[in-house]
Structures are given as C-alpha cells and as structure tokens.
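# Sequence and predicted structure are below.
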Amino acid sequence: MQTFKIAASIVVALLLQILFAKRFSFFQYVELPLVITVFFSLQRSPIQGMFVGMAAGLGLDIVSGGDAIGVRGFSFTLLGYVIAMGSIRFSLEQKPVRILVTAVASIANTVLFVGLCKVLEKNVLTNGPDELLKLALYKAIGDTAAGLILFILLDRIFPRTGSTTIKRRFYE
Amino acid sequence: MSTNTAQHKAPLLLGLLLLLQVLLMSWNARTQAGDQSVLRAWVMAVITPVAKGTGWTIDRVTGFFDGFAELRHARDENVQLKIEIERLTQERDEAVEKAAVKNNLEAELGLRLLPRFRSLAASVVSRNIAVWFRRLTIDRGSMDGIKKDMPVLTSSGIVGRVIEVGPNSSFVQLITDRYAGVGAMLQQSREMGEIRGQENSRCEMKAVAASVDVQVGDKIITTGLDGIYPKGLPVGTVESVENDANAPWKKILVKPSAPVDRVEHVFVLLIEPKDLKALEAFK
C-alpha cells in the first residue's frame, strides 16, 4: 500500500507540474518531482530515496520534452541516496532543516543537470556562469517555496512512524 | 532481506541505478532524431490524455466562475464588438478586392499561383515545464500525420516547429528558445536576417547591417529560406533597435506576433522541408 501511495504521489506531482507550468509562468522554476524526492529521501531509507529519485527524475525527463532522457533520473537518484544517507547520520527531520535541504538539493540538481547536459552536448538555456547562478537561485527559491506547501500536505498523507528511528539505529 | 543487509547493499544498488541511467542516456542519444524514444512514447501516450482531460476540467470550472464576472461588462463589450465588426467587414471587403486584382494581374503576367498549405488544429497540453527549454507539448502526433520540422503557428504568427513526434503528442520548439532559428526579413525594406530566441519571451533579429533603416513597429515575416517555414508568415514586430558603434550589425529586439507564452490552440502546417524545397523549385 505504501509503495502504491508513493508511486501515486510521483504521478500526481508530474501531472501538477504539467498543469501548473502551463498556467503560471513562474512554475518553470519549480520541480515538484524534486520536492517529492527530497521528502521521501528524508525518511532515512537510501533504497527508497534512490528509487523515488529515479522514477521522479525519469518522469520529469520524459514529460519536459528535454533532449536527454536519464539526466534528471541520474541526478535525482544520486540526490535521493545522498539525502537519505545524510538523514541517517544527521537529524534532518525538523521543518527548517528540511527546507534548507530542499534548497541545497535544488542547487545541486541544477549544477548536476547542466553539467551532464554539457557533457552530453545537449542544449540548455544557460549563457555563462552568471546566468547559471541566477537560474540556480531562482530554482532554489521556487523549489523551497513548493516544499513549504508540499511537505505540510505530504506529512498528513505519510505520517512519520517509529521505523525511521529504527533505521537510524542500524547505522549508529 | 533485513533492513541492515538492504542498507549495506545500497551503494551497490546506487551504482547499478546510475549505470542504468547512463545506458538510458546513451540509448536515447541513438534514437533517430525526430522520433520519440519508446519509453517517452509510451509514457506520453498515457499522460497526454490524462493531462488534457484534467486541464479541460479545470478550465471549465474556472471558466464557469469567470463567466459570472464577465457578464457585468457584456453590454459595453457588445457595443464595442459591433463597431469592430463594421470596421473589420470594411477591411475584409477591401482585402477581397485587392486579392481579386492581384490574382488577375498574376494570371495576366503568367505567374503560377502557389498552393495553399493544409493545416491541422492542435491543443497545447503543456508549456515550458522546465526553465531549461522553451517547449510546448501538443495533442497531435504521428497518428494525425505530424512529422518533424513542421511549422506551428497561430492566426497571428509563427510559434515554432515540431522537434519530436510521438503517436498522440508532439514537442514543439518555440521561436523564443535560444537554440531556435528562423530565416526572417523586414516586411518594408525586405532586409533579411535571422531570428533567435531571447529571454523574457522575446527574440532578436541578427545579421541586419547597421546601415539599414529599421524603425520600432516594423513588421517581420519569414523568408522561406530556412527550409522550415514558408515565406511570408508573420514573425513579430520590432520592439527596440540599438546601434553599436563598434559592431557592424544592429541589435534588434523583436516581440513575437503570436502569444507564444499564452497560446492555447495552434495550427500545424502539414508541410515538410522536402515539400518546401519542391515549392521553391516550382516557383
């Protein structure tokens, strides 16, 4: 049931991304699937973080119409793992810390995405480091704002259980 | 598998998943340009009708409430529209007369008339999902006869070109994308240049010599020389012109004629680059 709910969350996030980006131009700076990846990665399961990241990233690669399918899949998978490992070793469940993690994940994702696109010689709309920095900041603000709202909603749908504490003990 | 075993296998699994993504990127790069990869075609075949249906429902609900608000202005708007209809009818009559004269002159001079292009209406499913590209997704694909590089436009001007085709959806690169190029010319002076996408939903007309007289408000149309867009389609109007004493070219900022960032419905001209070449030969 939990797996089904997570899969449904990813599909809904992709659908909302499509619908909102069409109606609100500022939504191009938001990646809801990334916020979903951060949320599930913070549940201290690297395997869950990786698979959610892969599904969400690939989904966004497919629907966004970008030239390179797999770039966000790669980036989100890596971020899902790193965030999940970080959440096992450090206490990241407080709300302000989660928001900070979202902002850092957003910037890391931007750098990874643009870097991979450059390696693959795919065209992305950046013209030098200044513009990349500007876009990374806008995206960090957009993703963080989306996280503020989405985390409240997801906390209600996926309440925290004792299992997250158990997972942490295995690593300590 | 216990939690402990699973967690210790996580780095290995990470490596495998990342390798899978790399293989996917490589496989995708080998897909023939213009066709959607199998993975994308399958996902888009499912998600396009769902997104279209959901969007339609949202539009109906919001439209219902907007309708009440708009009723208050209906009477004034009605008067304005009647005046507008009178003006447009007069303009249409003049245009019909001019077209008849033009056709007669062409027939007398022995010029061969150009064929009209067939077009297909399409709805926009999504727009600029990510900040990295200027793209539209439309609800028409190869099953409707859409092919790569077909021009996409509205009644007011060109929007872009089809870059990837799936069974029931296609991706369109907007003319405001920095990597899009359109062969264009100033309608009055017939001076040619190249249209390139810029930030903030604008384009830049490049390669126009500094000596050319360009005014704000000048209309820009397609040249037909880029092998994508037929000649004479509206591209945009000149919004600003800058002269740089050190550069041989003018810096011309262009506002697209079509509302590329708000467009809901478009037309796809069912014409391929090879048809355009044949047309040039025909002319």
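That came through, no problem. If you're wondering where the values come from, they're calculated on a predicted model, not measured in any experiment. Numbering: from 1, shown residues only, chains lettered A, B, ... in the order given.

# tell me the mean pLDDT over stretch B:26-45?
Average pLDDT, stretch B:26-45: 79.

# what does the model give the residue most central in space within chain A for pLDDT?
By C-alpha atoms, centre = their mean, the mean C-alpha position of chain A lies nearest to residue A:34, the distance being 1.9 Å. We have a pLDDT of 96 for residue A:34.

# likewise residue A:101?
Per-residue pLDDT puts residue A:101 at 95.

# Give me the contact list for the helix or strand containing residue A:34.
Using DSSP states H and E, residue A:34 falls within helix A:32-41. Here helix A:32-41 makes contact (C-beta atoms under 8 Å, 6 or more residues apart in numbering or on different chains) with A:6, A:9-10, A:13-14, A:16-17, A:20, A:48-49, A:52-53, A:56-57, A:59-60, A:72, A:76, A:79-81, A:83-84, A:87, A:98, A:101-102, A:105-106, A:109, A:143, A:146-147, A:150-151, A:154, A:158. C-betas here are computed from N, CA, C, even on glycine.

# which ones are touching residue A:112?
A:74-75, A:78-79.

# ok, now with 6 Å
residue A:75 (C-beta atoms under 6 Å, 6 or more residues apart in numbering or on different chains).

# and if you look at residue B:193?
Applying C-beta under 6 Å, 6+ apart, the residues contacting residue B:193 are B:184, B:205-208.

# Pull the number of nearby residues for residue A:75.
By the measure other C-beta atoms under 10 Å in any protein chain shown, the count of residues near residue A:75 is 28.

# Show the pLDDT at residue A:170.
pLDDT, residue A:170: 50.

# next SSE after the helix holding residue A:34?
Scanning onward from helix A:32-41 (DSSP H and E), the first element met is helix A:46-64.

# Point out the residues in chain A that sit beside chain B.
Along chain A, the residues adjacent to chain B under the rule C-beta under 6 Å from any C-beta of the partner chain are A:17-19, A:21-22, A:28-29, A:46-47, A:50, A:54, A:62, A:64-66, A:68-70, A:73-74, A:77, A:81, A:123-125, A:170.

# Which among those count as buried?
Neighbour counting over these (16 or more other C-beta atoms under 10 Å in any protein chain shown) leaves A:17-19, A:21-22, A:28-29, A:46-47, A:50, A:54, A:62, A:64-66, A:68-70, A:73-74, A:77, A:81, A:123-125 as the buried ones.

# Helix or strand for residue A:100, just tell me which one.
In the assignment (DSSP H and E), residue A:100 maps to helix A:95-119.

# Measure how that helix sits relative to helix A:32-41, angle-wise.
130 degrees (axes from the mean of the first three to the mean of the last three C-alpha atoms, to 10 degrees).

# What angle do helix A:46-64 and helix A:95-119 make with each other?
60 degrees.

# Any buried residues in helix A:95-119, and which?
For helix A:95-119, by 16+ other C-beta under 10 Å, it's A:98-99, A:101-110, A:112-114, A:116-117.

# Low-confidence stretches in the stretch 151-283 of chain B?
For the stretch 151-283 of chain B, applying pLDDT under 70 flags the ranges B:282-283.

# Which other helices and strands does the longest helix along chain A contact?
Looking across chain A with DSSP state H, the single longest helix is helix A:129-157. On a contact count with 3 or more C-beta pairs under 6 Å, 6 or more residues apart in numbering or on different chains; DSSP states H and E, helix A:129-157 meets helix A:32-41, helix A:95-119.

# switch to 8 Å and redo it
Packing partners of helix A:129-157 (3 or more C-beta pairs under 8 Å, 6 or more residues apart in numbering or on different chains; DSSP states H and E): helix A:2-23, helix A:32-41, helix A:95-119.

# Include distance to residue B:134 when you put the ones you listed into JSON lines, please.
As requested, the helices and strands packed on helix A:129-157 are exported to JSON lines (distance: least, C-beta to C-beta, whole Å):
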{"stretch": "helix A:2-23", "distance to residue B:134": "12"}
{"stretch": "helix A:32-41", "distance to residue B:134": "20"}
{"stretch": "helix A:95-119", "distance to residue B:134": "15"}
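
# what about those helices, which gets the closest to residue B:67?
With C-beta to C-beta, the closest approach to residue B:67 among the helices and strands packed on helix A:129-157 belongs to helix A:2-23: 17.9 Å.

# At which residues are the strands of chain B located?
Ranges of strands in chain B, per DSSP state E, are B:119-127, B:135-138, B:151-154, B:157-165, B:170-174, B:181-186, B:192-197, B:203-206, B:219-222, B:234-243, B:250-256, B:265-269.

# Quickly compare those and say which is most buried.
Among those, strand B:170-174 has the highest mean neighbour count (mean count of other C-beta atoms under 10 Å in any protein chain shown), at a mean of 27.

# That one versus strand B:157-165: what angle between them?
140 degrees.

# For strand B:170-174, which outside residues touch it?
A:65, B:36, B:122, B:133-138, B:140-141, B:146, B:152, B:159-164, B:179-180, B:197, B:260, B:266, B:268.

# same thing but 7 Å
With contact meaning C-beta atoms under 7 Å, 6 or more residues apart in numbering or on different chains, strand B:170-174 is reached by A:65, B:134-138, B:140-141, B:146, B:152, B:159-164, B:180, B:260.

# Equivalent analysis for stretch B:234-244, please.
Contacts of stretch B:234-244 (C-beta under 7 Å, 6+ apart): B:156-158, B:182, B:184, B:195, B:202-203, B:210, B:214-222, B:250-257.

# same thing with stretch B:134-143?
By C-beta under 7 Å, 6+ apart, stretch B:134-143 touches A:65, B:48, B:52, B:120, B:122-128, B:146, B:160, B:165-174, B:176-177, B:197, B:266, B:268.

# how far does it stretch from start to finish?
By C-alpha to C-alpha, to the nearest Å, the extent of stretch B:134-143 from end to end equals 24 Å.

# now that stretch: mean pLDDT?
Stretch B:134-143 comes out at a mean pLDDT of 92.

# swap in stretch A:11-21?
According to the model, stretch A:11-21 has a mean pLDDT of 93.

# Restricting to C-alpha, output it in PDB.
The C-alpha trace of stretch A:11-21 is given here as PDB (Å, rounded to 0.1, in the frame of the first residue of the first chain):
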ATOM      1  CA  VAL A  11       2.400  10.600 -10.800                       C
ATOM      2  CA  VAL A  12       0.400  13.400  -9.200                       C
ATOM      3  CA  ALA A  13       3.500  15.600  -8.900                       C
ATOM      4  CA  LEU A  14       4.200  15.100 -12.600                       C
ATOM      5  CA  LEU A  15       0.600  15.900 -13.600                       C
ATOM      6  CA  LEU A  16       0.600  19.000 -11.400                       C
ATOM      7  CA  GLN A  17       3.900  20.100 -12.900                       C
ATOM      8  CA  ILE A  18       2.400  19.900 -16.400                       C
ATOM      9  CA  LEU A  19      -0.800  21.700 -15.400                       C
ATOM     10  CA  PHE A  20       0.700  24.400 -13.300                       C
ATOM     11  CA  ALA A  21       3.600  25.200 -15.700                       C
END
